[in-house]
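*Asks:* got a structure for you, letters missing:
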Ligand code: HEM
């Protein structure tokens, strides 16, 4: 026979020291939490100690882009901007900080505001050359130094290249960038200038783009479009385009200005193309003759009018055939084709 123990009598005997079992809260969740916090603290400490530049190469931060740019407490001179969603630990520290530390925090706040402001401009279409949000990666990821980039040269396991201070992991393109590859010289450095000039020697493979034209900057930037589609983005390079804290420099602003200008030029060209669509054409060089004609789709512009062929003279551009709607036929930039009826939708041309 099983004897039942009377818990209630025992409980009453020790009621001043021992709580009844059903009222006692389990301790294991607290223990688990303490162990987890301790492990995290040890992990963070270890990462900071082993990082050669004092930045945090934690994969968690890398995966979350801008979060990776935490200010390193071991590197007080660093001007790393602190992202706005990383404020919890700062609030805890606030009460303990000295006046000097508080001053540092003020400057951090300024930098953060500056950074947030900058970040938002990156998403405006005007600053993006080529297609939408191409600059989305800029101002994200880690900030690396030139020696760190140099470790990823052509003979490294994972070659990296940098263009305008943007670093990409081009390991997947090792046949181009690895030893013996046609473009091995780009690996481990920012050779921005050579992406436009094609001067692939020590003099040409430099990150100094002073004196380049707006068009050349567009050509260089074009490689960011290519790399960002093909290769993983690593981070920004401390150099002419970004500070050690990853903030944009005057040179980077020049790049942005050039992209804005190129966008404006592209926009204007688009308007001209819509206003003066190109004609269809057929050239017979052997017979020395050609024909130009207009349709509702010529020049790739679909419209509800056909237009008449005219020679279009635009400054700085070669003369081309454009289909002109009736209301614009008096434009002084236009010239009729010889021996062609002004109201005809097609003209035959004699080639010299
Ligand atoms: C300013 C001049 C040039 C620059 C900066 C340049 C740069 C590059 C780069 C960076 C790549 C590797 C792209 C990747 O990672 O997928 C590449 C590939 C290539 N380039 Fe050039 N290049 C230039 C001129 C030329 C010229 C003039 C030719 C041909 C006459 C050429 C032919 C090729 C070919 C065939 C590939 C390989 C494409 C592939 O296999 O995917 N490049 N170029």
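*Replies:* Nice, thanks for sending it over. Predicted model only: the values in this text are computed from it and were never measured. Numbering: from 1, shown residues only.
*Asks:* use CA for all of it now, contacts and neighbours both
*Replies:* Noted.
*Asks:* buried stuff in whichever strand or helix holds residue 268?
*Replies:* Using DSSP states H and E, residue 268 sits within helix 250-275. By neighbour count with 16 or more other Cα atoms under 10 Å, helix 250-275 contains the buried residues 251-252, 254-256, 258-263.
*Asks:* So which residues on this protein come close to the ligand?
*Replies:* 173, 176, 195-198 (Cα under 6 Å from any ligand atom).
*Asks:* and of those, the nearest to residue 326?
*Replies:* residue 196 (42.7 Å; Cα to Cα).
*Asks:* Can you get me a residue count around the closest one?
*Replies:* For residue 196, the count of nearby residues is 20 (other Cα atoms under 10 Å).
*Asks:* quick one on the thing from earlier: now, which of the residues of the chain next to the ligand lie within helices?
*Replies:* Assigned to helices by DSSP state H, the following of the residues of the chain next to the ligand qualify: 176, 195-197.
*Asks:* could you dump these to TSV with pLDDT?
*Replies:* As requested, those are exported to TSV (pLDDT from 0 to 100):
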residue	pLDDT
176	97
195	97
196	95
197	95
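*Asks:* Make a markdown table out of the residues you listed and add distance to residue 269.
*Replies:* What follows is these, written out as a markdown table (distance: Cα to Cα, whole Å):
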| residue | distance to residue 269 |
| --- | --- |
| 176 | 35 |
| 195 | 25 |
| 196 | 22 |
| 197 | 25 |
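*Asks:* Drop the exposed ones from the residues you listed and show what's left.
*Replies:* In those, burial by neighbour count holds for 176, 195-196, counting by 16+ other Cα under 10 Å.
*Asks:* and which of the residues you listed is nearest to the ligand?
*Replies:* Using Cα to the nearest ligand atom, the shortest approach to the ligand within those belongs to residue 195, at 3.7 Å.
*Asks:* residues in contact with the residue lying closest to the closest one once chain neighbours are set aside?
*Replies:* On the basis of Cα to Cα, 6 or more residues apart in numbering, the spatially nearest residue to residue 195 that is not a chain neighbour turns out to be residue 220, at 5.3 Å. With Cα atoms under 8 Å, 6 or more residues apart in numbering as the criterion, the residues that contact residue 220 are 163-164, 192-193, 195-196.
*Asks:* Against which helices or strands is the helix holding residue 268 packed?
*Replies:* Judged by 3 or more Cα pairs under 8 Å, 6 or more residues apart in numbering; DSSP states H and E, the packing partners of helix 250-275 are helix 214-230.
*Asks:* Recalculate using a threshold of 10 Å.
*Replies:* With contacts defined as 3 or more Cα pairs under 10 Å, 6 or more residues apart in numbering; DSSP states H and E, the packing partners of helix 250-275 are helix 214-230, strand 320-324.
*Asks:* got CSV for the ones you listed, with distance to residue 202 and mean pLDDT too?
*Replies:* Converted to CSV, those look like this (distance: least, Cα to Cα, whole Å; pLDDT from 0 to 100):
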stretch, distance to residue 202, mean pLDDT
helix 214-230, 17, 90
strand 320-324, 42, 97
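*Asks:* Buried deepest among the ones you listed, which one?
*Replies:* Of those, the one with the most neighbours on average (mean count of other Cα atoms under 10 Å) is strand 320-324, at a mean of 24.
*Asks:* Packing partners of that strand?
*Replies:* If contacts are counted by 3+ Cα pairs under 10 Å, 6+ apart, strand 320-324 sits against helix 250-275, strand 280-284, strand 289-293, strand 308-312, strand 334-335.
*Asks:* least reliable of those going by mean pLDDT?
*Replies:* In terms of mean pLDDT, the lowest-scoring of those is helix 250-275 (a mean of 89).
*Asks:* orientation of it relative to helix 214-230 in degrees?
*Replies:* Calculated by axes from the mean of the first three to the mean of the last three Cα atoms, to 10 degrees, helix 250-275 forms an angle of 90 degrees with helix 214-230.
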